[in-house]
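Enquirer: My questions are about this predicted structure, shown below with the sequence.
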Number of protein chains: 2
Amino acid sequence: MREQFQEELAAVTTTLVEMAGLVKVAMNNATTALLTADLSLAEKVIADDLIIDETQHELDARTINLIARQSPVATDLRTLVTSLRMSADLERMGDLAHHIAKSARMRYPATAVPPELSLTIEEMGRVCGNIIDKMSLVLKNRDTDLALELEKDDDEIDLLHRKIITTLLDPNWQHGIETAIDMTLLGRYYERCADHAVSIARRVYFLVTGKYANERA
Amino acid sequence: MREQFQEELAAVTTTLVEMAGLVKVAMNNATTALLTADLSLAEKVIADDLIIDETQHELDARTINLIARQSPVATDLRTLVTSLRMSADLERMGDLAHHIAKSARMRYPATAVPPELSLTIEEMGRVCGNIIDKMSLVLKNRDTDLALELEKDDDEIDLLHRKIITTLLDPNWQHGIETAIDMTLLGRYYERCADHAVSIARRVYFLVTGKYANERA
């Protein structure tokens, strides 16, 4: 009985890591679709978001069922409750990839991102992808050192976000208000996606150490 | 024992309704601070967000403790798990009020909102406040009819959001890119706040009826 419970707990983590993999692919594809005006790739991200949503529903049902059947207490209960929170973070990250893909679709056949910002967006996509990869390892291995690293990576996203705003406010900006609105929202989507990844790493850190990662100083 | 459990369950709902009250005040104050460039009111919203965060922590700890002590199953367990999700929604709504207040503080002593948009923002604040009030009643009375009404109110927020974007794209827009960025983000904050309120109403609807409010048609 106890052994089976531990297996089911491990399977919950496995599904969270799988969800993280789906989110990583969605964010990468959304960024590529955005930068290359690839309509079919954008449509794929939008359609595949349903798979992430369904994975969350299935996982949450399984988690709640596990709580009901096993009446866990202490660490096991906290692990399961935290899993519910992390699946919600991952589902939201999928939504943000979906928003980015919709922005690509809306501007097709034009590219939503003007030339002077395409490197910055590419970089945001790359850093966001790295953050998701690290977060997956934090999830999989309960790696608290890596969880702390994510706090620094998140600063990189904030810097890139500020770079977008600085570019928009440059007197030489010549792409008008509509593109500025698009870029403001796109910057926000990447930033929020990274926030959720950092939040997942913090949840793992707290689960393992009983301390808050962002209050360690 | 059973009676005490029911009392504790009811107390969880009472705290959620209290949190909703705090969020309502925060959103109202944030909107007033934004429209009247009231720095001290903005500071108050920013400081008071900690109270919402602490209420969430205390409530979640109580909820998890209740699950651990009482090993609830079926409806009772689902109610407690849903409470954890709703407290997360409410906490996030508090963050969004906090973002709006920070926008007011950043532009002080100027007003962040230009004259031609102040009525639209006032209206967004008003509709958002109504949505939060209704959501509180849905929470308090498990009122599923009112939960369905919220879906329509949310359309109103989307209309107002589109009105902001239309104003920004008008060739006569003369407040430049910086104000356009501010307004894009502010519109998004109100929209997300209403989304979370609707999401809470949907959770109550599902808890009571076992059906999804947005799939009723």
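Expert: Arrived safely.
Enquirer: In contact with A:Leu39, which residues are there?
Expert: Neighbour list for A:Leu39: A:Ala33, A:Ala104, A:Arg105, A:Tyr108, A:Pro109 [criterion: C-beta atoms under 8 Å, 6 or more residues apart in numbering or on different chains]. Every C-beta, even on glycine, is put in place using the N, C-alpha and C of the backbone.
Enquirer: now these: which count as buried?
Expert: Buried positions within the contacts of A:Leu39, assessed by neighbour count (16 or more other C-beta atoms under 10 Å in any protein chain shown), are A:Ala33, A:Ala104, A:Arg105, A:Tyr108.
Enquirer: Buried residues of stretch A:45-63, list them for me.
Expert: Buried-residue list, stretch A:45-63, by 16+ other C-beta under 10 Å: A:Val45, A:Ile46, A:Asp48, A:Asp49, A:Ile52, A:Thr55, A:Gln56, A:Leu59, A:Asp60, A:Thr63.
Enquirer: What sits closest to the residue in chain A positioned nearest to chain B if chain neighbours are left out?
Expert: Nearest residue of chain A to chain B (C-beta to the nearest C-beta) works out as A:Ser71 at 3.7 Å. Nearest residue to A:Ser71 in three dimensions, chain neighbours excluded: B:Ser71, at 3.7 Å (C-beta to C-beta, 6 or more residues apart in numbering or on different chains).
Enquirer: and that neighbour, how many residues sit next to it?
Expert: 16 (other C-beta atoms under 10 Å in any protein chain shown).
Enquirer: what residues does chain A put near chain B?
Expert: A:64, A:67-68, A:71-74, A:77-78, A:81, A:84-85, A:88, A:165, A:168-169, A:173, A:177-178, A:180-181, A:184-185, A:188 (C-beta under 8 Å from any C-beta of the partner chain).
Enquirer: What residues does A:Asn214 make contact with?
Expert: A:Glu151, A:Arg202.
Enquirer: Mind listing what's buried along stretch A:63-78?
Expert: A:Thr63, A:Ile64, A:Leu66, A:Ile67, A:Ala68, A:Gln70, A:Ser71, A:Pro72, A:Asp76, A:Leu77, A:Arg78.
Enquirer: farthest-separated two in those?
Expert: A:Ala68 and A:Arg78 (16.4 Å; C-beta to C-beta).
Enquirer: in what helix or strand does A:Pro171 lie?
Expert: For A:Pro171, there is no host helix or strand (DSSP states H and E).
Enquirer: residues near it, how many?
Expert: By other C-beta under 10 Å, neighbour count at A:Pro171 equals 6.
Enquirer: all helices for chain A, in order.
Expert: Secondary structure of chain A, counting by DSSP state H: helices at A:2-36, A:39-70, A:74-107, A:115-141, A:144-169, A:176-209.
Enquirer: got a list of what the spatially closest residue to A:Asp182 that is not a sequence neighbour touches?
Expert: Using C-beta to C-beta, 6+ apart and skipping residues adjacent in sequence, the residue nearest A:Asp182 is A:Ala112, 5.4 Å away. By C-beta under 8 Å, 6+ apart, A:Ala112 lies in contact with A:Leu34, A:Ala37, A:Ser103, A:Ala104, A:Met106, A:Thr179, A:Asp182, A:Leu186.
Enquirer: For burial, what's the neighbour tally of the last one?
Expert: The local packing count at A:Leu186 equals 25, with neighbours defined by other C-beta under 10 Å.
Enquirer: need the contact list for it.
Expert: Neighbour list for A:Leu186: A:Leu34, A:Ile100, A:Ser103, A:Ala112, A:Val113, A:Ile121, A:Ile164 [criterion: C-beta under 8 Å, 6+ apart].
Enquirer: next one: the first one
Expert: For A:Leu34, the contacting residues are A:Ala42, A:Ile100, A:Ala101, A:Ser103, A:Ala104, A:Thr111, A:Ala112, A:Val113, A:Ile121, A:Gly125, A:Leu186, by C-beta under 8 Å, 6+ apart.
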